[in-house]
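Peer 1: next input, structure requested:
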Amino acid sequence: MIWWIDAKTWLSEAIGLDKNFLHVYAGVIGLLALAALLRRPVGDGRALALVTLLEGVNEAIDLYGNWLDDQRLYWDHSLVDALHTLALPLLIVVCARWSRLFISPGAVQSDAAPPASPADDSPSGE
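Peer 2: Numbers count the residues shown, from 1 in each chain. Prediction:
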């Protein structure tokens, strides 16, 4: 599993971003990709739950790697990484679920029943 840590280090160096920024991007991209794969709206929360689960697995691997290196668990680093990964996805889900921020003005629907279609007015069998 240490290959995962090496892969993250390589990616960070290859694109020139600090690992903390990788967490931010991974959280947002993961949220949007998982929502698309699940075919669920972002505000549904299921994609965020999976991002949270995957971040937990990622941090468990990091803690294990730290333990192998110097027999220490850096919980403070894991907490910061989790906050970087989950803060923006959580904000996006909250805004998508409880805000009209992501709804165009023409898409707002009333509580009234939809109008009947012309096919409903014709007698059956005609």
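
Peer 1: isn't residue 52 up against residue 93?
Peer 2: No. If you go by Cβ atoms under 8 Å, residue 52 and residue 93 don't touch, sitting 10.7 Å apart. C-beta: built from backbone N, CA, C; applies to glycine.

Peer 1: ok, these two, which is more surrounded?
Peer 2: residue 93 (23 against 18; other Cβ atoms under 10 Å).

Peer 1: so that one sits right up against residue 46, yeah?
Peer 2: No. Using Cβ under 8 Å, residue 93 is not in contact with residue 46, being 9.9 Å away.

Peer 1: okay, buried residues for the strand or helix carrying residue 85 please.
Peer 2: For residue 85, the element it lies in under DSSP states H and E is helix 75-98. For helix 75-98, the buried set under the neighbour-count rule, 16 or more other Cβ atoms under 10 Å, comprises 78, 81, 82, 84, 85, 86, 89, 90, 92, 93, 96.

Peer 1: quick one: which of those is nearest residue 37?
Peer 2: Using Cβ to Cβ, the shortest approach to residue 37 within those belongs to residue 89, at 14.8 Å.
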